[in-house]
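Asker: Sequence and computational prediction follow.
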Amino acid sequence: MYNSEAAGGDQLALFSRRRYSMSPTGRFLVLGSLAAVTLGISLGFALNGAWPLLPFAGIECVALYLAFRWLQRHEDDYEFLTIEDQSLTVESCVVVTVERRSLNRAWAQVVVESQPQGRVRLLLRSHGRDTEVGKLLSNEGKLTAAARIRERLSARALTIKD
C-alpha cells in the first residue's frame, strides 16, 4: 500500500511494496511441513502398494517450492513515485532490476483504465508514452493514488496560472 508524505505545498512522495504475512523463516517452516506431510502420506500409501502416488507427491512438492521461491525473489519489490518542482519521477524495482523514469510535470496525465475481470490499471502518460504505476496496489489503492497524484498535479497548474 502507498505510504505517502506531502513534502509541502504541491510535492508528493508515494511508496509501495508487497506485504507478506510471514517471515522468510515462517515460509520455510510452512513449506517444510507441507512437504513432510505430503511425502509422509504418499509414502504410507506406497508401502501399502499404491506406489504411483510418490511421483505426484514429488511434483506437488516441487510446485510448492517454486511458488515459495517466487515469493522470496519478489520480496524486495517496490515502487516509489515523487512529484517535485517540475518533475514526476517513478522508480520501480522488480527482483533486482531498478527502472527509473522522469516525466515533465506540466505534461503528465493520470489515466485510469478498466481491464477485464474488474482490474484497474493506473498509467502516467506523457509525450505519447505510458508508464504503469501501482502494480503492487489493489484497485482501491490505485484509485486513491490516482486521485492524490491528480490533486498534486493540478495544484501545481493552479499555482502557475496565478
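Answerer: Cool, got the structure.
Asker: any low-confidence regions in this protein?
Answerer: The chain contains residues with pLDDT under 70 at 1-9, 155-162.
Asker: where exactly do the helices run in it?
Answerer: In the chain, the helices defined using DSSP state H lie at 24-47, 53-73, 139-161.
Asker: For the first one, which outside residues touch it?
Answerer: So the one you mean is helix 24-47. Residues outside helix 24-47 that contact it (Cβ atoms under 8 Å, 6 or more residues apart in numbering): 20, 22, 51, 53-54, 56-58, 60-61, 64-65, 68, 71-72, 75. C-beta here means a position set from N, CA and C on the backbone, and glycine is covered the same way.
Asker: between that helix and helix 53-73, how many degrees?
Answerer: Relative orientation of helix 24-47 versus helix 53-73 (axes from the mean of the first three to the mean of the last three Cα atoms, to 10 degrees): 170 degrees.
Asker: Tell me what E91 is bridged to.
Answerer: E91 forms beta bridges with F80, R100, as assigned by DSSP bridges.
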